[in-house]
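Student: here are the coordinates; sequence isn't available:
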Ligand code: HEM
């Protein structure tokens with residue numbers, strides 16, 4: 001589907017994501033990688049204080065990821081990303097756009113799935129995060145519903161890992177194989193063709209590009 005989001009525009013210099021979008025991106029990367037490590041670490045552990053501690057971290061980081069991704073999505077809807085440069089083939093623009101959309105979807109579905117799973121197995125009306133902070137669980141979630149949500153959460157985690165692998169492979173391909181300008185759009189990567197790069201986030205950049 002060639003829509004507005006996958007459109008390419010001639011642009012000299014190259015327009016890149018704004019500093020706010022770049023900060024959101026790299027904070028999300030750090031949080032998500034840490035979260036995946038946490039999830040994989042405690043998944044097979046026997047019940048006990050060590051598992052409980054890692055689980056409290058996992059719930060806390062998951063809550064922060066959800067808040068961050070909602071803030072990021074709100075910012076992005078108000079500030080569309082810069083248009084793709086035309087040297088990026090259309091299939092890559094479409095694949096990239098859908099990869100990004102799926103990231104947003106999974107980063108919302110996963111914390112909500114985790115929250116529902118915790119709600120289904122909770123014996124009280126709250127669950128504990130780091131620092132003894134307690135948040136309410138969702139009432140009315142049966143054990144079965146919680147288990148289903150936990151299954152979705154787990155499946156989504158493997159999908160997310162697959163998406164990350166694809167995404168990183170594409171970024172490295174643009175940087176080192178194609179040496180095209182796409183990798184200059186999300187600093188700290190340097191534009192490989194050494195062309196000046198300017199911040200180009202937003203509607204205005206789209207209409208002025210070219
Ligand atoms: C947890 C890991 C990651 C997640 C969840 C993630 C997510 C995203 C998302 C959602 C976008 C689109 C931004 C938008 O349009 O709103 C994006 C763009 C980008 N990411 Fe990542 N990313 C991850 C890791 C990485 C890594 C490790 C690299 C580099 C090796 C990277 C390089 C890039 C680049 C170059 C772009 C801009 C693509 C373009 O020109 O359109 N990302 N990322």
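Tutor: Arrived safely, thanks for sending. From a predicted model like this one, the values you see are computed outputs, not experimental measurements.
Student: check which helices and strands the lengthiest helix in the chain is in contact with.
Tutor: Ranked by residue count under DSSP state H, the longest helix found in the chain is helix 90-121. When contacts are defined as 3 or more C-beta pairs under 8 Å, 6 or more residues apart in numbering; DSSP states H and E, helix 90-121 packs onto helix 49-78, helix 143-172. Placement of C-beta: from N, CA and C, glycine included.
Student: how much space between residue 189 and the ligand?
Tutor: As for residue 189, its distance to the ligand is 6 Å (criterion: C-beta to the nearest ligand atom, to the nearest Å).
Student: skip the chain neighbours and tell me the closest residue to that residue.
Tutor: Nearest in space to residue 189, with sequence neighbours left out and distances taken as C-beta to C-beta, 6 or more residues apart in numbering, is residue 183 at 4.7 Å.
Student: in a strand, that neighbour, correct?
Tutor: No. According to DSSP: H, G, I helix; E, B strand; the rest coil, the state of residue 183 is helix, so it is not within a strand.
Student: which ones are touching it?
Tutor: Residue 183 makes contacts with 171, 174, 175, 189, 191, 192, as judged by C-beta atoms under 8 Å, 6 or more residues apart in numbering.
Student: try residue 43
Tutor: Per C-beta under 8 Å, 6+ apart, neighbours of residue 43: none.
Student: pLDDT at it, what is it?
Tutor: At residue 43, the model reports a pLDDT of 86.
Student: farthest pair within the contacts of residue 183?
Tutor: 171 and 191 (13.0 Å; C-beta to C-beta).
Student: the two: which has the busier surroundings?
Tutor: residue 191 (20 against 16; other C-beta atoms under 10 Å).
Student: my guess is the more buried one contacts residue 181. True?
Tutor: Yes. Residue 191 lies in contact with residue 181 (C-beta atoms under 8 Å); the separation is 5.7 Å.
Student: give me the common contacts of the two.
Tutor: Both residue 191 and residue 181 are contacted by residue 14, under the criterion C-beta under 8 Å, 6+ apart.
Student: contact partners of stretch 88-104?
Tutor: 1-2, 5-8, 69, 72-73, 84, 159-160, 163, 166-167, 170, 174, 180, 182.
Student: now do residue 51: how many residues are near it, please.
Tutor: With other C-beta under 10 Å as criterion, residue 51 counts 15.
Student: the most centrally placed residue in the chain and the ligand, how far apart?
Tutor: Note on the chain: the residue nearest the mean C-alpha position is residue 103, at 4.7 Å, using C-alpha atoms, centre = their mean. Here residue 103 is placed at a distance of 4 Å from the ligand (C-beta to the nearest ligand atom).
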